[in-house]
Each structure stands twice: as structure tokens, then as C-alpha cells.
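Student: no FASTA, just this:
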């Protein structure tokens, strides 16, 4: 170790003791050389490669994965692949093997088969929209309102605007967003002629007073996971969808039949394998959060949430296997609904995980989510899991109060989130109590078992479906996708069967809980949207710890099939959205649920949003409505393409006694740093060293020595 230390210390001295001057090519050679040296040393001297699921990014990520890939078949197969079992142990993914579960496995969460049909009198869509309009008008005094379906309908019906006018300006906005710095990258495929064709047909129907539905003329977009004519079905990759689609997915077909204007297909995390929305490949790039373009949107339905939050459309469709609708909706401050398993047909989407994925809308309001849900939620002969379901209705959508509604809260589980998120969610619960609802403390048993079981199920099913792609197109996948699918290969048939036995138990636990409460409240995501770094734009990043944490409140719904709805309830100090999640035993079957969510949602205070007139008249983009985050003087450092929160990375190395990863990082700093760094202060908290850094102009040779000696 010490011999390598002096090698790294001598690197800047060899070039120039006063100021390092190297070309870009020599930098790359040095960096890759250092990575190879370090990886070989790790293979020879360590029992594992990846420790405590570190954050991998930039050339570090590329180098480690490629060295792993290149060396394993020839030299050190046992050593290199020993890292994945370690990742499993550190994330408790081997938990299932130690459990003795006697319940029969449930491979498909047949929740929809047990839903009882709403016997109350069904109301027409127009009556419900009028009720929802009246309910939402009360929130206008708060100075904020996303423009939704009702706003478009009012403009169309009054003749103030036509679908064609709106379509022209959406096209202008799409062009503007693509040219912006940074580009929004919400909608990655769109066609001017297709948009105008649908808009002109809708305009004619409004002129002749023969509209098809309340979605006639409403702009919508669909996640690229769905087949949509005439776009490429790429699913976030560069190798799928080589030819334009000739047949719509069931969801796209229903939207066309309803008269909606499909403005294109939206960006997504490659193959749905992550929760940040980070997709650096050439067809997609990273979508930006409309509240702050320097932050992620969340994923995997990243572009869908960004498009709605930016004002491109009031409705978008996504898929949700581990929070992929609700996480981006939460990060982007809009409403996201994961329907009951099987309620909305998945036919025409890539069947990545057949037992956990549900289709759901992302909308500007709860009312819009309910309307879109009611139109899409029908049995589909091409999708067998949703054949046994009652008719979805919009009855009793605006309950007068929340009296008698019992809200279940597991406070221990509830509080596992950041302080800002917890404070906002606790205020939301108190507000609901003031409206007449009662809070019942419940205990959600075996949540760790359910978490691990869900990960095993979704990753095993994805690896099974993607096995041919993994073998044939491995080099064309993003680095994060390769790492996730490689981890999935460690799960066995024993793990999978035990996980589905746990599903049976978890479904029974929820059935017992829902016999005493109407719904369960949790935060949507434990944190706000993470920051985008320069390295993410080039190579992406792999942060298993964040992925696991962001899905914390989402997994139970996907694992057991129950629906979940996220609604924005406030903002962090930095101006990033915070949301609350409502989970229940059946979607819109609880009589007062919609009224509860609507009343709660109407109290949300938010940032000003562009008006519909601006959308139809000026074509101004609306995604630059974010707030600039003020960063403390030395909270973050810049390493060029390696820009990251260095204190966290270094603390992880020290905490796990894995000093060897410190030295290649010093090497990268010494060779590639654009802003030399000075160690400001070192403190010790618990088991973690906290390092504070500050930009300085010292020669790199002196800075490296400060690191090594300090």
C-alpha cells in the first residue's frame, strides 16, 4: 500500500512541481493506467471489488466495470465476481435464504380479482368534471394552479382556443426545449405532422360538437416503454426499436380512441433499471427537473414527469415496477398514480417484470389522474392479468368532508426520511386530521423482508426477460444497467421462490391492516431530487444505496399489487418538491378516498406556473421555473468530469476500512482536477470521518502531499 502511495505522490512532481500541465490525451492515459493498476491490485489483495455499494461515476465507473468484464474470463474469475455476493450481503439481499416461510408462493398479486364493484350511482364524466372544477376553484386563492384537463376543455368549448392552436405552440415549446441549455429532454421522439394531424381532427370535432371524450384535444405523452406509432420502441436503449412501430400499445390505442393528442414518447431510465432517470446514451440524454435543471427528475418514467411539470402536457403515462411513476412525480411536484395490479393493460409495453409492474398516469391534479384512470382501466383480452376487474367509475369523487376516514400511519416506518421531508409530511397529516380524518397508528410487519423480496422478484424477472439482450447487446447497455443485471444474476431459484412466499405473507398482513383503516399514509420519497453532476452526463452513475432508499415507501405497493397515489404537499428550502403517498386496498373503491386526496391537494402551495394562454399564445417554455440552490462555500468540490460530493465518497472508504480506493481517487484529483483542492477541516462523527474541502490555487503537487500527510 505504501509503495503505491509514494507512486501517486510523485505523479504531479514528475510533470511539474509548480503547476501541472498535461494534454487531454495524456490525462486520459494516466487515468486509465492508474485504474488498471488499482484494479489489478484490488483483485490480488482483496476478497471483493465493490464495497458497501459505493457510488460509481465517471471514468472510475467505466474503468472498474470494464476491467471486471475483461479480466474475469481469463485471469481472476473467482476474485472479480466475488464482489457481487458482497454487495448482496451488504444490502441484506441474502435474507430470504435464512427464513423459514411455510405459506405457498404467490407469483402474481391477484388484487384486482378481489375488488368489489362500486354499487353507488355512477355519475357522468361531465358532472364529475363540474364537481372537480368547483373543488379546485377553492385553491385558486392560493395563487397557484397547474393547468389541467378542465382548463383545456373550457378553452376549447368556449372557442377561446382550438386544439390546433395549442398543438402549434407545443411544437414550438418542444423545439425550444431541445435548444435550451441544458435541454429539457423530456420528450425524446416527436413528429410535427403527427401532432398536427391529431390536433386538426380534434378541432373539427369541437367545431361540429361531436367530441369523443373529455380527453379530446388534450395533449398527452407516453413513456418510451410503450409501443406508439410511428415512433421507435427503444425503451431507453440504443439497440432496441431499430424500426418505427406499426402497432400501438393498448394504452396508446385507448388514448387515440378518446381523441387525445399524442405529442410523442418520453424519456426513461434505460430498461427501467434505476430511479434517478440518468440515461446518458446518445438517443436520450438526461432529462432535467423543471423545478431545478441541475437536479434529476427521478425514474424510470423520467420524461413523463418532466413533461407534465414543465407544462408540455397535462397528462403523461408511465409504468411503475418499483416507484417508476411515483418517484419522478414526487421529484417533479406533480401527481402520480400507480393503479391496482392488472387494472390498466400493459400490453404493448416491454414485459420487464410481469409481477410488479403497473401502468399509471402522471397528471397535474388528482382529478385528472382519476379521469385518465377511469378511461384506461378496462379489461384487455391481450393482457390476462386484468381480465377479472369491476368497471371503474367516478362516483362520489368530491366527498364533502373527511369525517369517518381512518388514516393508517406506521410512525416508525414513516419517519425514515430526511428532516425536511418528515416535517412537511407531518404537517400534512395534521392538516388531514383538522379536516375530520382520524389517524390510526398501525404496524407494517416484515418490511425489510418485503423490501428484499421485491428486489429479488423484479431483478430476477428483468434478468430472465433480458438474458438474450444481456448476452448479445452487453456492450451497448449503459454501465449502470450492466451492473444491475450482473447483480441480478446472483439470485437463485431458492431466492425467488422464498420471495414469492413472502409476497403471500405481506398480502395477508395488508388485508388485516385494511380491515381497520381506509388507507395508509407515508412520505412518497425519503428525500428530494438528487443533483446532476458532470460525470453523469458522460457515463451515468451507479448508486445502489440511493436506489434502495428512494424505493423505500414504494416497494410494498408493487410487491402486493395495491395502488398508490403521490401528491405534492410542499417544498424544501432549496425549492424542490416534497410529496405524500396514499396507499389503499383497492383503487378508487374506498368511498371517500378521492375527496380526501382532493381536499388535501387543494391546500398545496406551490411556485407560479405558466398559464394556458402563454402555452397557446406565445410558445414560451415553462421549464425554467426552478429556484437556484445556494451552496455553502465549501460544501461541494469540482473535479471536472468527476464532480461529486467527495466528502461522502471518502467517508465511505474510511468507514469500511477500505483505504485502497482513496489512492486512485487522489490520483484522479492530481491529474484531472480543474480546480485544485485544499483540505479545510477533518472531524470525526461516530464511525465516519467528515472532510471539508475548499477551492484553492495551490500547485497540485503540494495539494496531493497535503492529502497524503493530512
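Tutor: Here it is on my side, so go on. This structure is a prediction, so every number in the text was calculated from the model and none was measured. Numbers count the residues shown, from 1 in each chain.

Student: Residue 298 touches residue 336, doesn't it?
Tutor: No: the pair formed by residue 298 and residue 336 falls short of the contact definition of C-beta atoms under 8 Å, at 9.5 Å. C-betas here are computed from N, CA, C, even on glycine.

Student: before we move on, what SS does residue 283 have?
Tutor: Secondary structure state of residue 283, per DSSP: H, G, I helix; E, B strand; the rest coil, is coil.

Student: Let me know the pLDDT of the nearest residue to it once chain neighbours are set aside.
Tutor: Leaving aside its sequence neighbours, residue 283 sits nearest to residue 238 (C-beta to C-beta, 6 or more residues apart in numbering; 5.7 Å). Confidence at residue 238, expressed as pLDDT, is 98.

Student: can you check residue 541 too?
Tutor: pLDDT, residue 541: 84.

Student: Surely it touches residue 478?
Tutor: No: counting by C-beta under 8 Å, residue 541 sits too far from residue 478 to count as a contact (10.0 Å).

Student: Give me the secondary structure label for residue 448.
Tutor: Assignment for residue 448 (three-state DSSP): helix.

Student: how deep is it tucked in, by neighbour count?
Tutor: Residue 448 is flanked by 10 other residues according to other C-beta atoms under 10 Å.

Student: what's near enough to touch it?
Tutor: 92, 95 (C-beta atoms under 8 Å, 6 or more residues apart in numbering).

Student: ok, then the element right after the helix or strand hosting residue 467?
Tutor: According to DSSP states H and E, residue 467 maps onto helix 447-472. Per DSSP H and E, helix 447-472 leads on to helix 479-488 as the next helix or strand towards the C-terminus.

Student: For that next one, which helices and strands make contact with it?
Tutor: Other elements packing on helix 479-488 under the criterion 3 or more C-beta pairs under 8 Å, 6 or more residues apart in numbering; DSSP states H and E are helix 58-71, helix 83-90, helix 447-472, strand 541-542.

Student: please redo it, this time with the cut-off set to 10 Å
Tutor: strand 56-57, helix 58-71, helix 83-90, helix 447-472, strand 541-542, helix 544-550 (3 or more C-beta pairs under 10 Å, 6 or more residues apart in numbering; DSSP states H and E).

Student: What separation do you get for the nearest residue to residue 272 once chain neighbours are set aside and residue 554?
Tutor: Of all residues not flanking residue 272 in the chain, residue 300 sits nearest, at 4.0 Å (C-beta to C-beta, 6+ apart). Using C-beta to C-beta, to the nearest Å, we find residue 300 at a distance of 12 Å from residue 554.

Student: likewise residue 241?
Tutor: Taken as C-beta to C-beta, the span from residue 241 to residue 554 is 27 Å.

Student: Could you list the buried residues of the one helix or strand residue 176 maps to?
Tutor: Using DSSP H and E, the element containing residue 176 is helix 163-179. Within helix 163-179, the residues scored as buried using 16 or more other C-beta atoms under 10 Å are 163-171, 173-174, 176-177.

Student: Repeat that for stretch 180-199.
Tutor: Here stretch 180-199 shows 183-191, 194-196, 198-199 as buried, counting by 16+ other C-beta under 10 Å.

Student: For that stretch, give the distance from the opening residue to the closing one.
Tutor: End-to-end span of stretch 180-199 (C-alpha to C-alpha, to the nearest Å): 25 Å.

Student: Would you map out the domains in the chain?
Tutor: The chain breaks down by automatic domain parsing into domains covering 2-90+644-709, 112-609.

Student: and those domains, which one's lowest on average pLDDT?
Tutor: domain 2-90+644-709 (a mean of 44).
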